[in-house]
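In: Below are the sequence and a predicted model for it; my questions follow.
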Amino acid sequence: MFLIVASHTVSMEGLASSVEYEFGVDRTRRRVTSTSNAMKRLQPLYLAIIGSAGLMCAGLAQPSTPVPSTPGRLAERAVSTDEAAILENPAPPNAASYRLIGDLIALRQKRRRLNALPDTGPAQTPDSGGMGWAVSDAEYWRRIPVRARAIPNDWTGLSEVLITNAKIDGVREIRLSIQGDYDLWLLKDRIHEITACISVHRPTRRVWFMQFARNENGAWSPVRAMDRCYSCHASGPRILRPLPLPGVDLKQVSQFNRRMLSYGACDFGDTVDESTRGATIVDGRCVTCHNGADRGKLYTIHVPLIQYKTRQEQTMPPPRY
């Protein structure tokens, strides 16, 4: 069995060896990936990557009744059939997973070749234009409620998952900090030097975005964002669709996804810039879920993300289409 990766034909055995080398050990955190019960659920797909014939991801048990609302928890809305399928198996389809993993391996090999070249000085980071809201970044930060930006100093002990960014590579550490009525979704990407948070006020579904770094006093301070948040986050926090790689905690991924889905479409207030948002996407395959209630409506600004999700990752539209 062969796979086309970055214009080269490689055997599945060769891909298996590369997967073991590239993803068997998390070099960023110097931590060997564990063979947890969650990883065992991925083992059939992982075996497929290393030359086995089938994919048999085990289903994850989901609560069948709403969970009572308590401080730190919220009454869960009923999930749709499509959402239940995501909770059961969040990974991209087999063919897309093989291709994305192959692309990541090629990207890492290219990065190593570039790093071996003589140093030509620090790279120039282009000005991204900030977070892309209807107001300035400074004004946006000023409006964020104090509780919504109460970033904890110590993240140890928080629930977390580690997933590989299938688009630009890098292990992303995702944690959840519950601050009263606020869910703070914390992100750290050490390769790309990103520390960020999406904060959701559960009673109103109001969402806030922020990117930050430690200042000279050790406290968190806002920094200019690398990307326009809304262009990739039409609904608020994005459902986790991890690649089937060693060390993925599927149980925790499912718990995180279930909580994110419980919000429905988050409320951005008046911060979305309508002049850059563009026209509404009316494709019937999209609007069944992205209806403004279950998931956020899609606009022209989301087209690059839609193309990635439908062409490369192949997690959209739902399989019934």
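Out: Alright, I've got the coordinates.
In: any idea which residue sits dead centre in the protein?
Out: Leu240 (4.8 Å; CA atoms, centre = their mean).
In: and Arg205, what does it touch?
Out: For Arg205, the contacting residues are Gly236, Tyr263, Gly264, Ala265, Cys266, Asp267, by CB atoms under 8 Å, 6 or more residues apart in numbering. Backbone N, C-alpha and C define where each C-beta goes, glycine included.
In: how about the nearest residue to the fourth one, chain neighbours excluded?
Out: Closest residue in space to Ala265, ignoring its immediate chain neighbours: Gly296 at 4.3 Å, by CB to CB, 6 or more residues apart in numbering.
In: tell me which residues in stretch 213-231 are buried?
Out: Trp220, Pro222, Val223, Ala225, Met226, Asp227, Arg228, Cys229, Tyr230, Ser231 (16 or more other CB atoms under 10 Å).
In: Which of the helices and strands in this structure ranks last by mean pLDDT?
Out: Each helix and strand of the chain was given a mean pLDDT (mean pLDDT, DSSP states H and E); the minimum falls on strand 31-32 at a mean of 32.
In: how long is stretch 84-104 end to end?
Out: Taking CA to CA, to the nearest Å as the measure, stretch 84-104 stretches 28 Å from start to finish.
In: Oops, could you answer that again for stretch 79-93 instead?
Out: Taking CA to CA as the measure, stretch 79-93 stretches 21 Å from start to finish.
In: ok, and what's touching that stretch?
Out: The contact list for stretch 79-93, computed with CB under 8 Å, 6+ apart, reads 42, 45, 57, 59-60, 62, 97, 100, 166, 239-244, 250, 253-254, 257-258, 261, 288-289, 294, 313-315, 318-320.
In: Mind checking which of the residues you listed are buried?
Out: Among the contacts of stretch 79-93, those classed as buried by 16+ other CB under 10 Å are 42, 45, 57, 60, 97, 100, 166, 239-244, 250, 253-254, 257-258, 261, 288-289, 294, 313-315.
In: Show me what the lengthiest helix in the chain is packed against.
Out: Secondary structure assigned by DSSP state H gives helix 94-115 as the longest helix of the chain. Packed against helix 94-115 by the contact rule (3 or more CB pairs under 8 Å, 6 or more residues apart in numbering; DSSP states H and E) you find strand 2-5, helix 12-23, helix 37-49.
In: Of all the residues in it, which ones are buried?
Out: Within helix 94-115, the residues that qualify as buried are 94, 96-107, counting by 16+ other CB under 10 Å.
In: Next, the distance between the ends of stretch 82-94.
Out: Start-to-end span of stretch 82-94 (CA to CA) is 18 Å.
In: Then stretch 87-103?
Out: Across its full length, stretch 87-103 reaches 25 Å between end residues, using CA to CA.
In: same check, this time on stretch 131-146
Out: Taking CA to CA, the first and last residues of stretch 131-146 lie 19 Å apart.
In: List the contacts of that stretch.
Out: The contact list for stretch 131-146 (CB under 8 Å, 6+ apart) reads 130, 149, 182, 199, 201, 208-211, 222, 224-225, 228-231, 270-274, 276.
In: quick one: which of those residues sit in strands?
Out: The strands in this structure, assigned by DSSP state E, contain Tyr182, Ser199, His201, Trp208, Phe209, Met210, Gln211, Pro222 from the contacts of stretch 131-146.
In: What is the burial count for the third one?
Out: His201 is surrounded by 19 other residues when neighbours are defined as other CB atoms under 10 Å.
In: from what I can see it touches Tyr182, true?
Out: Yes - assessed by CB atoms under 8 Å, His201 is found in contact with Tyr182 at 5.6 Å.
In: any shared contact partners between the two?
Out: Listed as contacting both His201 and Tyr182 by CB under 8 Å, 6+ apart are Pro145, Ala148.
In: name the element the residue nearest to the centre of the chain belongs to?
Out: When elements are defined using DSSP states H and E, Leu240 is found to belong to no helix and no strand.
In: quick one, what contacts it?
Out: Pro90, Val161, Ile163, Ile174, Val253, Phe256, Asn257, Met260.
In: excluding its backbone neighbours, what's nearest it?
Out: The shortest distance from Leu240 to any non-neighbouring residue, by CB to CB, 6+ apart, is to Val253 (5.2 Å).
In: tell me the pLDDT at the one you found?
Out: The predicted structure scores Val253 at 96 on the pLDDT scale.
In: Spit out the contact partners of it.
Out: For Val253, the residues meeting the contact criterion (CB under 8 Å, 6+ apart) are Ala38, Pro90, Val161, Ile163, Leu240, Pro242.
In: and if we set it to 7 Å?
Out: The contact partners of Val253, taken as CB atoms under 7 Å, 6 or more residues apart in numbering, are Pro90, Val161, Leu240, Pro242.
In: ditto for Ala150
Out: With contacts defined as CB under 7 Å, 6+ apart, the neighbours of Ala150 are Gln179.
In: Many thanks, have a good one.
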